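Novice: Below are the sequence and a predicted model; questions follow.
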Amino acid sequence: MGSLLRVSAALKQGQITPTELCQKCLSLIKKTKFLNAYITVSEEVALKQAEESEKRYKNGQSLGDLDGIPIAVKDNFSTSGIETTCASNMLKGYVPPYNATVVQKLLDQGALLMGKTNLDEFAMGSGSTDGVFGPVKNPWSYSKQYREKRKQNPHSESGDSDWLITGGSSGGSAAAVSAFTCYAALGSDTGGSTRNPAAHCGLVGFKPSYGLVSRHGLIPLVNSMDVPGILTRCVDDAAMVLGVLAGHDPKDSTTVHDPINKPLVLSSLADVSKLCIGIPKEYLVPELSSEIQSLWSRAADLFESEGAKVIEVSLPHTSYSIVCYHVLCTSEVASNMARFDGLQYGHRCDIDVSTEAMYAATRREGFNDVVRGRILSGNFFLLKENYENYFVKAQKVRRLIANDFVNAFNSGVDVLLTPTTLSEAVPYLEFIKEDNRTRSAQDDIFTQAVNMAGLPAVSIPIALSNQGLPIGLQFIGRAFYDQQLLTVAKWFEKQVQFPVIQLQELMDDCSAILENEKLASVSLKQ
Amino acid sequence: MAAPMLRWGCRGRRWALAWVDGGSCHRRGAPTGSTSNRIRGQSSLAQQPLRTAQKPRKGEHKWAAVVGLEIHAQISSNSKLFSGSQVRFSAPPNSLVSFFDASLPGTLPVLNRRCVEAAVMTGLALNCHINKKSLFDRKHYFYADLPAGYQITQQRLPIAVNGSLTYGISAGKERGQVIPKTVRVKQIQLEQDSGKSLHDDLRSQTLVDLNRAGVGLLEVVLEPDLSCGEEAATAVRELQLILQALGTSQANMAEGQLRVDANVSVHHPGEPLGVRTEVKNLNSIRFLAKAIDYEIQRQISELENGGEILNETRSFHEKLGCTVSMRDKEAKQDYRFMPEPNLPPLLLYDATSLPTDADPQQVINIDQIREMLPELPSVTRERLVQQYGMLPEHSFTLLNEVGLLEFFQNVIKETRAEPKKVTSWVLNIFLGYLKQENLAVSESPVTPSALAELLDLLDSRTISSSAAKQAGVQWCDLSSLQPLPPGFKRSASQVFEELWKREGKTPGQIVSEKQLELMQDRGALEQFCYSVMKDHPQVVMDVKKGNPRAINKLIGLVRKATLNRADPAMIKEILEKQLSL
C-alpha cells in the first residue's frame, strides 16, 4: 500500500480507482475497529467523495496529488455536517455547521474524509487514553515485529491484555495511518500531541511553524501553541500535505502571509556537509531510555560521518518548560472552555432552577476530571492576586525558552536533533498507573518547548527497539524553515530505512480479536 | 431615532434653564439661588435631604463630589468588531449572528478595520495619544448573553490614552456666557458588545438575542474630574456631538448606542477620596444627571448620619428617581484578564513610521485619519459666533438639537434676512413649535425654504405688524432671547402657524390669501382712524383729557378694524395728527 504519493501515482495511472481505494480503507477500518482509532467513520461521505473523484479522474480533471486519497481528521477539527466531539461528553452530538480551514483545504484537493479520529478529551493528554470513547490501541501491539519479540520473552503474558498505548493526544490519527486505514491524518500539536503518537506508532509526525497553518476550526487547547499536525508514513507525504495546508487564512489572524513556496516539493539532499546539527545537552535526561539514547547518538554519528557538523548546544531554560507550560496551558484552557456552558450547543444538564445551576451541572457532567482540573488551575493562575506571580512569570519564562532556541540557531545551527519520547510505547495497564498530569509532564518533555517557541519540528521513526517497537527522533528547525527541516528529515529517513509495520497477522486475527473484545460501547458511526 | 431625544428636548426647557444657571454645582455648599432651587424642585430630588448638604451647618466641612464616567459608544460600522455579521438595530432576534458571534468552538476573531479607524478618529478628536501598538485581552464572566464566557477588550494597552474633552457650562450671571470646562480622557478602548438577555419572569425563562453580541464598542473612560450631574450630562452631551460629527457612533442613548456608567464618591476637599459606587442603567442624559445628583446627595446624607458607603453597583430607578443597590452584582467579580491569544498586537503607523512597501489595505495611517477629521462641534460653535454674531449659548442650542444646525444653515443660505433675525426665529419660534409638539427637526412641517421666504417677507416689510393678532402662538413664553422687532412678529407668526398646518402653501400664498399684507394705503388707514374716533367719542375725550393710556386703546381699536393689517406706529402717527396732539 505504501505512501500517499505512491498511491496517488497509482490513481493517476488508473491502477486503482478512488472508490476501490476508499472501500479498501473502509474495510480496514472495520477490521481494525478494536483499535478504537475512529470516533466517527464517515463512510457515506467518503464514498460519495470517492465517486466524485473517480469522475474527475475519468474526465482527466484530477485536482492533484490528494485527489481520491483517503485521509482522517482528529475529532477536534470542525467538520461541516459531521459530529465533532473532542472525545468529550460536552460535545457529544455537536455537528459543526462549517469546516475547519485545513479540512476544507484537503477536501478542496479531492481528499476523501474517512472519519474523525479518537483523542484524549479536548486533546488533554499524552496517551489517547482519556477520551470519553475509550483508549486507542497501538497497532504495533499486534505487529509481527512486536509479537515475535514478545514470544521470546518468557515473562510476557499471552493474549491481548498488554496492548500498548499510541501516545497522544492525536493517538487516533496515528493509529489510523499506522493501520493503513488512511494515507494521512490531521492531528493537533500543542505540546507534542502529533509527534508523540507518531514516534510510538512508527510514523512521521510533523508540527509546522506556528502561524504557517490555519487554526480556524480547530477546537483550541492553547491558542498560542496549537498547530494542526500532519501524520504520514513518510516525509514526502508530510511535505505534500503541508504544501496544501500552509498559507495565510483570513479567518486566522495569526497566520502569516506567503511564508513558503508552493507546491512544496522536497529536494533530495545529496550531501549534508554544509549542515550544522545541534544536540541540546539539556535533553539528555536520566529518564531517557538507554536504547533511545544510543539511537540518538548513532543518529548524530551518522550526520557527522556524512560530513555534517554536529555540535552540542545549550537550551538552558528547558527544565522550566513543563511547569511554565502547565501555567500557560491551564490558563488558556480555563478561558477557552468558558464557552461550553450548555446554552447553545453540546451537552446540557436537566437542571433548570437557575442559569448558574445549569452552567455548573452541565460543566460537571460534560467535562472529565482532567479538563475540570485544568480549568480550576487555570482560573487560579488568572486570579488578580495570582496573575503576576504565575501567568506573567510563565510568559517571561516562555520568552526565555524561545530565546534559547533563537540563540542556538544564531550560533550557526541549522537543525536540532533530539529524542521525541523518553521510551517506546508502554502497555496501557502500565500507562494508567500514573495520572494524566504526571504522564503529560513526562511525555512532553522533549516536544513541549518547541510549541512555546512556535518552531517547526518533526518526529521521524528511526528504528525498532529491542521489543520490536518504533522509536522516533525529533528534528527542530528555525521558525518558517519548515521546508529545510523536512529536507533534512527526508535525508535522514532515507538513511535509516525504518521497517514497515507488519500487520498481516493482525488482519488475519482481527476477527478473533473482535469477538473477544466487547467493544459495543465504542461507537462506530456509519 | 428622534423620539426619545425629543422627549428630552421638550423637557429640555428645564434643561435650557439649567444652562442659564449652570453655576449651581460650582457653588456647592453655598446657599443656592432661587433659580437653582427651582430646577431641583422640578425633579424628585426635592424629596431628598439635599438641603442639609447644600447648606452645611457652621463649622462643618464642605462636601465635594467626585464623578468619573465610563462611556460605551457603539461603533457605527457595517459589520461587527471581529466578525462579518451585519450591525443593525431592531433586526429580528438572532438574525445577525455569525459562527464567531455564537462562539462556536474553533472560530477566531478577525479585527474589523473600520472599527479601528473609528477608534483612532475618536481618539484624535478627544486629543488622545494614539498608541501605535495596542493589545487585546479577554475579560471573563459567565452570563447568558456572553456566549464565549469572556469579552474581548483592551485592558492592558488600549488604542488611545491621555486625552481631554472640553465642554461648556453656562455661567449664570451674564447672559449667553458659557464657561469652558475640561475633563481628562483616561483611555479609549476597543471592545465587543454583549448580546441581550430578556427575562421572562412569568415563565422563568431567559431569552437571549445575540444580534448585538460582538458589535464594536468604544469604551471612553473619563477621569473623575466631574463634580455633579450637570457637568457629567454636559460632558456626555458634548461627547455625543463629537461622535456624531465624526460619524464614529450614532450615539443614540435610547437605542443603546451610547451607554454611561458613573462612578460617584464624596469627600471633604483636601482629604482622601471617599468610597465610590458605580451607577448603571443610565439611558438618557437627563437620567444621568438626575442619578448622579441623587447619588451624591444620598452619599452625603448617609455619611452625615453616621453611615458608610459600600463599594457597590447601583442601578438608577427611573420612576422613583433614585439609585438602588444591585444586589446580584454585590459579589466582587474577578474577571481573570488574560491576553487574547488569537489577535496579534494591533499596530498603527504614522507618516514617519509607515513602511514603504506597506499594502494600504493592511495598514492604518494615523496621519491620514487626522486629515480626514471633520469640523468638531467646538469649532462649529466658534464659527457660528464669529460668522453670525450670535451668543455662545445660542451656538450650543443650535448644536444640541439634532438637525437644528443644518436647518439654520439652510435658512441662512436662502434668506436675505439678517443672521441675527434668523437665529432668533429658529431658536424661538421654530424650536418652540417643535418642542410644544414633541417633534424632531426632521419631522418639522416647515421647511428651511419656507421659513426663509417668510423671513424675506418680513425683511421687505410686506407683512403687516398688526395683521395677525389671532396667531395664538405662545412664542412669548419661549422667548428668552432677543425680542423680535415689534410689530412684525405676530403677523409673521400667523403665517408661520399656517405653514405649520402642512397645507403645502408658501408664505407668499398664505399672505395673499389671508390678506395679511401690510396696509400701504395711508388714505384708507386715515379713514379707519376717523371712523373709530367717531364711534368712540368717550375714548377721544379721555385722550384729550391727557390720559396717556387712552391713545393705546384707540390704536387697538383701529388695528382690530383693519384686521391687524396696519402698522401700529403708523396708526399712532395718524391718530396723533387727527387729534392734533
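Specialist: Right, received. Where do you want to start? Note that this is a predicted model, so its numbers are computed, not measured. Residues are numbered from 1 along each chain as shown, chains lettered A, B, ... in the order given.
Novice: Can you tell me which helices and strands the longest helix seen in chain A packs against?
Specialist: What stands out as the longest helix in chain A, according to DSSP state H, is helix A:393-410. On a contact count with 3 or more C-beta pairs under 8 Å, 6 or more residues apart in numbering or on different chains; DSSP states H and E, helix A:393-410 meets helix A:321-336, helix A:448-453. For every residue, glycine as well, the C-beta is placed using N, CA and C.
Novice: now these as a markdown table including distance to residue A:467 and mean neighbour count?
Specialist: Supplementary listing: these in a markdown table, determined by distance: least, C-beta to C-beta, whole Å; neighbours: other C-beta atoms under 10 Å in any protein chain shown:
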| stretch | distance to residue A:467 | mean neighbour count |
| --- | --- | --- |
| helix A:321-336 | 27 | 24 |
| helix A:448-453 | 25 | 28 |
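Novice: I'd like to know which of the ones you listed lies nearest to chain B.
Specialist: The minimum distance between chain B and these falls on helix A:321-336, with 5.5 Å, by C-beta to the nearest C-beta.
Novice: Enumerate the residues of the stretch 251-400 of chain A near chain B.
Specialist: When proximity is defined as C-beta under 8 Å from any C-beta of the partner chain, the stretch 251-400 of chain A approaches chain B at A:251-254, A:331-332, A:334-335, A:337-341, A:343-345, A:355-356, A:359, A:379, A:382-384, A:387, A:391.
Novice: change it to 6 Å
Specialist: A:252, A:253, A:335, A:338, A:339, A:344, A:355, A:359, A:382, A:383, A:384 (C-beta under 6 Å from any C-beta of the partner chain).
Novice: residues of the longest helix of chain A that come out buried?
Specialist: For helix A:393-410, a neighbour-count test (16 or more other C-beta atoms under 10 Å in any protein chain shown) marks A:394, A:395, A:397, A:398, A:401, A:402, A:404, A:405, A:408, A:409 as buried.
Novice: Could you tell me the angle between the helix or strand following it and helix A:393-410?
Specialist: The C-terminal neighbour of helix A:393-410 among helices and strands, as given by DSSP states H and E, is strand A:415-419. Angle, strand A:415-419 to helix A:393-410, by axes from the mean of the first three to the mean of the last three C-alpha atoms, to 10 degrees: 120 degrees.
Novice: what's next to the next helix or strand after strand A:415-419, contact-wise?
Specialist: Next along the chain after strand A:415-419, taking DSSP H and E as the criterion, comes helix A:428-431. Outside helix A:428-431, the residues within contact range by C-beta atoms under 6 Å, 6 or more residues apart in numbering or on different chains are A:127, A:135, A:163, A:165.
Novice: Quick check: buried residues in helix A:428-431?
Specialist: A:428, A:431.
Novice: Which helix or which strand is home to the closest residue to chain A within the stretch 151-300 of chain B?
Specialist: The minimum distance from the stretch 151-300 of chain B to chain A, using C-beta to the nearest C-beta, falls at residue B:206 (6.3 Å). Per DSSP H and E: residue B:206 is located in strand B:205-209.
Novice: Up against chain B, what does the stretch 101-250 of chain A have?
Specialist: Residues of the stretch 101-250 of chain A lying near chain B by C-beta under 6 Å from any C-beta: A:216, A:217, A:218, A:219, A:223, A:224.
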